[in-house]
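[1] I would like the atomic coordinates for the input below:
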Amino acid sequence: MQTEIIIAGFGGQGVLFAGQVLAYAGMDIGKEVTWIPSYGPEMRGGTANCTVIIADEEIGSPVVRHPRALIAMNLPSLEKYEPAVIENGILIFNKSLIDRNLQREDLKAVAIPANEIAESLGDKRMTNIVMVGALLMAEPVLPFEAVESALKNHLPERHRELLPLNYEALREGANFVRKELIGQGT
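    Okay, here's the model as predicted:
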């Protein structure tokens, strides 16, 4: 099995780190992975996205044109990548920054107030990990334990004190989706 993911937003939202965590988690449990970052020249506020492929077998090409899953952190990212997601794919979008409905009805979509959840945890920098938790609940491409382990093993030393908060953000994103799915009767 192979799962292709695009994570997109603007610089400063932790888009690239979210992709790295997924790639490290997959690699650490023996999966084949690719992670390709793309970002504008701005330090903050410019565009940022990355593609992640997690597979059981060798990956033929690292290029992702039609992902199975999309994490859209802001409106420009949703507008750019929503059309590319495969039919019946997963779209996790940050309703804190996206104030429109989806244009497609053939996607499994979750609108999550990721900024508010991160802020309720005490640190808006956790928005990206809230979104990763939401993705893992909607599309269990990796076990939560693998992602927690990747956070522990690959979180930069300067952010080590944020490890417990990252774990909590991951769980809160997943819990939000779990409640949404129960509410939809699925």
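
[2] roughly how far apart are residue 120 and residue 159?
    20 Å (CB to CB, to the nearest Å). Every residue, glycine included, has its C-beta placed from N, CA and C.

[3] er, residue 51 I mean
    24 Å.

[4] which of the two has more neighbours?
    Set side by side, residue 51 and residue 159 show more neighbours around residue 51, with 21 against 13, by other CB atoms under 10 Å.

[5] pretty sure the more buried one is touching residue 18, no?
    No: the pair residue 51 / residue 18 is not scored as a contact, 11.9 Å apart, by CB atoms under 8 Å.

[6] so where's the chain shaky on pLDDT?
    41-45, 181-186 (pLDDT under 70).

[7] if I pick the residue most central in space within it, what's in contact with it?
    Nearest to the geometric centre of the chain sits residue 132, at 3.9 Å (CA atoms, centre = their mean). Counting by CB atoms under 8 Å, 6 or more residues apart in numbering, residue 132 makes contact with 18, 21-22, 71, 147, 170, 173.

[8] will you turn those residues into a markdown table that also has distance to residue 139 and neighbour count?
    Output for those, formatted as a markdown table (distance: CB to CB, whole Å; neighbours: other CB atoms under 10 Å):
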| residue | distance to residue 139 | neighbour count |
| --- | --- | --- |
| 18 | 14 | 24 |
| 21 | 15 | 27 |
| 22 | 11 | 29 |
| 71 | 10 | 32 |
| 147 | 13 | 27 |
| 170 | 14 | 24 |
| 173 | 12 | 29 |
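
[9] so which of these comes closest to residue 57?
    residue 22 (17.8 Å; CB to CB).

[10] and that closest one, that one's in a strand?
    No: looking at residue 22 with DSSP: H, G, I helix; E, B strand; the rest coil, it is helix, so not inside a strand.

[11] hang on, isn't it packed against residue 142?
    Yes: contact criterion CB under 8 Å: residue 22 and residue 142 qualify, at 6.7 Å.

[12] Name the residues contacting each of the two.
    residue 54.

[13] before we move on, back to that, and the residue nearest to the centre of the chain, its phi and psi?
    Backbone geometry at residue 132, expressed as degrees, to the nearest 10, gives phi -60, psi -40.

[14] Against residue 170, how distant is it?
    Taking CB to CB, one finds residue 132 at 6 Å from residue 170.

[15] How about residue 90?
    17 Å.

[16] Of the contacts of residue 132, which belong to strands?
    Under the assignment DSSP state E, these contribute residue 71 to strands.

[17] Looking at the contacts of residue 132, spot the one nearest residue 28.
    Once CB to CB is applied, the member of the contacts of residue 132 that ends up nearest residue 28 is residue 147, at 9.5 Å.
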